[in-house]
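S.K.: Sequence and predicted structure below; questions after.
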Amino acid sequence: MKKEDLYEAINHIDDSYLQPSRRKNGLFLPLLAITTVVVIAMFLPHNEEPSPIAKSDETLIVNSSPIVIAQAKSPDMTYEKHDEWQVNETQFEAWYNAYIENMRLSKEIQPFLHPYEEAIMVHLLDENKNNVFSPLNLFMALSMLSECTASDTRQEILQVIGIEDLESLRSINRILWNANALDTPDIVSLPGSSIWLDNKRKYKTDTLDFMAEAYHSDSFAGTMGDPAYDSLLQQWLNEHTGNLLEEDTEIQTFKETNVLAIVTSMYYKAFFGAGFDPQETAEGEFHMPEGVRQVDMMHSHASRKYYRRNGFQAITMPLNYSGEILFFLPDEGLNPTDIVDDIFPVIYQEADYQYIPVHAILPKLDLSTSTDMIPILEELGISQAFNEADFSTVYDEPATVSEITHAVRLIIDEGGIEAASYSLVNAEESEGGDTTEELEFMIDRPFVFAITGLDGSILFAGTVANP
């Protein structure tokens with residue numbers, strides 16, 4: 001994406017696409033979507049010049065205890081609840097107007113993210129197994145990684161995420177952050193980011209201060225391999241993921257040879273307008289690739305958007321003050337990968353639909369998946385980072401990225417959805433129509449889902465083959 005196109009999009013905003021609304025009564029959906037990305041690097045000596053952003057004073061921390069060297073500068077998008085929304089209508093309207101403005105900006109830039117989102121989803125959706133991932137969080141992690149690298153390493157990353165230059169990248173991340181950073185009684189969406197440094201190495205303070213401002217990133221320095229530093233990392237992860245990933249974070253530790261980690265997270269919680277009645281939950285069949293199994297099936301009755309496309313059906317379940325959950329059910333004889341190229345017009349709200357009464361039936365879910373991202377990113381065009389990367393914006397030494405793991409846990413029950421994920425990157429030394437009849441939409445075979453924000457960002461997506 002060229003920065004001229006970005007400026008054009010920001011300056012031509014449709015003021016009428018959203019109107020303020022009020023909270024509706026309905027079942028509570030505790031939708032907790034947490035994503036964490038970790039980048040760890042071990043360096044080699046080199047003699048290249050640092051990139052322009054990195055021309056700053058270098059600092060060597062000589063301190064055995066972990067310390068904070070830069071604190072995130074994040075926007076305040078919090079509306080405090082007392083008894084009810086109606087207690088302070090003026091305060092609510094001021095908050096909501098700022099919220100709507102952020103949505104306008106982010107909605108206008110969404111088309112620039114579509115090529116990246118489609119490429120990531122096409123590579124990650126699987127017909128034979130469960131896989132859950134966060135396109136938005138991976139985008140933010142790759143953005144921060146590009147800021148910490150330089151030369152060919154950076155250009156390859158920018159090319160994969162579809163951004164032409166750092167100026168445009170920073171504008172897009174600022175808009176995405178503002179659109180997805182809020183804390184209210186009805187919607188919680190909290191991204192987070194941090195950088196973890198080895199105190200035996202010199203780092204560039206101006207870069208870290210810039211990351212605190214532009215990417216709202218905390219920065220820490222400590223002794224790699226020190227239990228106290230590991231404990232601080234685990235504490236940060238738990239605080240930024242609502243303690244949903246405690247079993248995973250307790251095993252996250254630094255090796256003595258690690259010198260850099262980048263962590264991004266997101267916590268998300270919203271309400272259903274119309275959810276599932278626990279009294280209707282009953283056992284039913286789910287047809288997996290390897291056979292049939294009995295699972296708990298949930299039931300919901302409500303009018304919804306219904307899509308009938310070539311090869312699949314889809315419905316949406318709106319979330320108050322947020323986006324929606326979309327479920328894509330391939331036709332009999334087809335797999336999730338057979339329909340992936342055709343689901344994006346539905347996700348991007350570019351397809352025709354009917355608004356009809358729907359009896360939605362889908363299984364309870366508790367899924368954990370882990371994906372090695374290196375082969376996927378190599379197929380998409382990143383290679384330098386996995387050989388001898390240039391991290392000179394932070395350190396004047398190169399690195400090679402040896403591991404990128406994106407892990408997610410997703411839970412769906414009558415109360416709503418919980419999701420938790422992290423990505424780990426290790427770098428090693430180089431060697432349409434009306435009807436009154438209720439439609440039954442039974443998800444009893446492998447399917448695709450997507451969770452979007454109000455701005456259209458794809459927060460989470462995946463395939464379910466074995467609930």
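M.R.: It's in. Numbers count the residues shown, from 1 in each chain.

S.K.: Helices of the stretch 51-200 of the chain, residue ranges please.
M.R.: In the stretch 51-200 of the chain, the helices defined using DSSP state H, counting those that start in this stretch lie at 89-124, 135-148, 151-161, 166-179.

S.K.: The first one - what's its average pLDDT?
M.R.: I take that to be helix 89-124. The pLDDT scores in helix 89-124 average 88.

S.K.: Same check on the shortest one?
M.R.: Confidence over helix 151-161, taken as the mean pLDDT, stands at 94.

S.K.: for it, packing partners?
M.R.: Under the contact definition 3 or more Cβ pairs under 8 Å, 6 or more residues apart in numbering; DSSP states H and E, helix 151-161 sits against helix 89-124, helix 135-148, helix 166-179, strand 389-390. In short, each C-beta sits where N, CA and C put it, glycine included.

S.K.: Would you mind saying which of those lies nearest Thr207?
M.R.: Closest approach to Thr207 among the helices and strands packed on helix 151-161 (Cβ to Cβ): helix 135-148, 7.7 Å.

S.K.: how far is that closest one from where the chain is centred?
M.R.: 10 Å (Cα atoms, centre = their mean, to the nearest Å).

S.K.: can you check stretch 369-385 too?
M.R.: With Cα atoms, centre = their mean, you get 17 Å for stretch 369-385.

S.K.: Quick check: end-to-end length of it?
M.R.: Chord length of stretch 369-385, first to last residue, is 24 Å (Cα to Cα, to the nearest Å).

S.K.: Mind listing residues that contact that stretch?
M.R.: 119-120, 123-124, 129-133, 138, 145, 149, 152-153, 156-157, 159-160, 386, 390, 400-401, 403-409, 423, 425, 427, 462 (Cβ atoms under 8 Å, 6 or more residues apart in numbering).

S.K.: List the buried residues for it?
M.R.: Neighbour-count burial for stretch 369-385, counted by 16 or more other Cβ atoms under 10 Å, picks out Thr369, Ser370, Thr371, Met373, Ile374, Ile376, Leu377, Leu380, Ile382, Gln384, Ala385.

S.K.: Which of the three states applies to the first one?
M.R.: With DSSP: H, G, I helix; E, B strand; the rest coil as the basis, the three-state label of Thr369 is strand.

S.K.: partner strands of the strand ranked longest in the chain, parallel or antiparallel?
M.R.: As assigned by DSSP state E, the longest strand anywhere in the chain is strand 291-309. Strand 291-309 has these partner strands in its sheet, going by DSSP bridges: strand 282-288 (antiparallel), strand 312-320 (antiparallel), strand 354-363 (antiparallel).

S.K.: what's the distance between the longest one and the middle of its chain?
M.R.: Between the centre of strand 354-363 and the centre of its chain there are 27 Å (Cα atoms, centre = their mean).

S.K.: and if you look at the first one?
M.R.: Centroid separation for strand 282-288 versus its chain: 30 Å, with Cα atoms, centre = their mean.

S.K.: buried stuff in it?
M.R.: Quick answer for strand 282-288 (16+ other Cβ under 10 Å): Gly284, Phe286, Met288.

S.K.: likewise the last one?
M.R.: Of the residues in strand 354-363, those buried by neighbour count under the rule 16+ other Cβ under 10 Å are Gln354, Ile356, Val358, Ala360, Ile361, Leu362, Pro363.

S.K.: about what we covered before: show me which of the contacts of stretch 369-385 are buried.
M.R.: Among the contacts of stretch 369-385, those buried by neighbour count (16+ other Cβ under 10 Å) are 119-120, 123-124, 130-133, 138, 145, 149, 153, 156-157, 160, 386, 390, 400-401, 403-409, 423, 425, 427, 462.

S.K.: distance between the ends of stretch 183-191?
M.R.: OK, stretch 183-191 end separation, Cα to Cα: 11 Å.

S.K.: List the buried residues in it.
M.R.: Thr184, Asp186, Ile187, Val188, Ser189, Leu190, Pro191.

S.K.: Make JSON lines from the residues you listed and add pLDDT and distance to Asn243 to it.
M.R.: Output for these, formatted as JSON lines (pLDDT from 0 to 100; distance: Cβ to Cβ, whole Å):
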{"residue": "Thr184", "pLDDT": "75", "distance to Asn243": "20"}
{"residue": "Asp186", "pLDDT": "75", "distance to Asn243": "22"}
{"residue": "Ile187", "pLDDT": "76", "distance to Asn243": "20"}
{"residue": "Val188", "pLDDT": "78", "distance to Asn243": "14"}
{"residue": "Ser189", "pLDDT": "81", "distance to Asn243": "17"}
{"residue": "Leu190", "pLDDT": "83", "distance to Asn243": "13"}
{"residue": "Pro191", "pLDDT": "87", "distance to Asn243": "17"}
